[in-house]
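Q: From the sequence below, what's the structure:
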Amino acid sequence: MLAGFYTAASGVLVQQRNINEIGSNITNSQTVGYRTRRVVQSTFQHTLLTRYEGGRYTTLGVGDPCSLVDVVETNFDPSTVKETNWPYDMAIVGDGFFNIQGENRQFLTRNGNFNIDEEGYLVLDGIGRVLGESGDLYVGGSDFRVNDEGYVFDNEGRYVDKLLITQPTADADTYRFDNGMYITNNAEVVQDPAVYQNALERSNVDMNLEYTRLIESQRNLQACATALGIMDNINSKAATLSSIT
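A: Got it, this is the predicted structure:
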């Protein structure tokens, strides 16, 4: 009976986590550069529990089949780009991330909805300054130009710097923060990035898919909750019968 409780309860927890992630995807469907998050589920099979003692294995019992959230993966598939009339807006097409110098760490992001601070540096509001390959990127005003390879020129056509566009390596550990920010312990410079000024990258959220997954997860959650209630009733009746006898 307890095994059934664990199985149903784990299903409730997994589906609730799944609903939370789907809800976050739907909420951020209009967030610039947002990447969809997806729960990856794993299952404990009926695994024999053993103990090694005296040179041999002794079977102790059978494990409970439970569902777990193995990991929450980020879908980095590219999205579409929309044109804007804001010279500080930029979008990357293909591989790569903008680099932002935050207060305590350096962030990666696909969000190119930039602005300019009072000192003339390009910034991502609320996060920090945009980095070029030589450091904080100074543009001075709105009359600058960024070409398709990420090179920045001032109003007289003089070279200023190149946007620092990097990509985490295959063996890097990359972690997600709020607002579409990521940090990594190992990244390499993208040599030939594709950058567009006066443009922003949309999120890659497919609303039809998210709503379909939401309905599916809600039904699975309801099924697990119903099963949990049934087992609780059976357990209560068994306890009542045992007290009578």
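
Q: tell me the domain boundaries of this protein?
A: 2-75+205-244, 81-201 (automatic domain parsing).

Q: By mean pLDDT, show me the worst of those.
A: Here those differ in mean pLDDT, and the lowest is domain 2-75+205-244 at a mean of 78.

Q: and Lys237, that's in a strand?
A: No: assignment of Lys237 by DSSP: H, G, I helix; E, B strand; the rest coil gives helix, placing it outside any strand.

Q: Tell me who's in contact with it.
A: With Cβ atoms under 8 Å, 6 or more residues apart in numbering as the criterion, no residue contacts Lys237. In short, each C-beta sits where N, CA and C put it, glycine included.

Q: burial count for Asp178?
A: Neighbours of Asp178 under the rule other Cβ atoms under 10 Å: 6.

Q: Show me the helices in the chain, by range?
A: 2-27, 207-244 (DSSP state H).

Q: Please identify the most buried of those.
A: Comparing these by mean neighbour count (mean count of other Cβ atoms under 10 Å), helix 2-27 comes out on top with a mean of 17.

Q: Check the domains of the chain for me and report the most buried one.
A: domain 81-201 (a mean of 17).

Q: from the chain's centre, how far out does that one sit?
A: What separates the centre of domain 81-201 from the centre of its chain is 19 Å, taken as Cα atoms, centre = their mean, to the nearest Å.

Q: And it, end to end?
A: 4 Å (Cα to Cα, to the nearest Å).

Q: Dump the helices of the chain into JSON lines; add distance to Asn104 as well.
A: Formatted as JSON lines, the helices of the chain follow (distance: least, Cβ to Cβ, whole Å):
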{"stretch": "helix 2-27", "distance to Asn104": "24"}
{"stretch": "helix 207-244", "distance to Asn104": "33"}
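
Q: between the ones you listed, which gets nearest to Phe76?
A: Closest to Phe76 of these, according to Cβ to Cβ: helix 2-27, at 13.8 Å.

Q: Which elements pack onto the closest one?
A: Here helix 2-27 touches strand 37-43, strand 67-74, helix 207-244, going by 3 or more Cβ pairs under 8 Å, 6 or more residues apart in numbering; DSSP states H and E.

Q: circling back to that earlier point, so which of the helices of the chain is nearest Arg110?
A: helix 2-27 (15.1 Å).

Q: That closest one versus strand 37-43: what angle between them?
A: Counting by axes from the mean of the first three to the mean of the last three Cα atoms, to 10 degrees, helix 2-27 lies at 170 degrees to strand 37-43.

Q: How far does helix 2-27 sit from its chain's centre?
A: 18 Å.

Q: Check stretch 195-215 too.
A: 13 Å.

Q: so what's Arg145 closest to, chain neighbours aside?
A: Using Cβ to Cβ, 6 or more residues apart in numbering and skipping the chain neighbours, the partner closest in space to Arg145 is Phe153 (4.8 Å).
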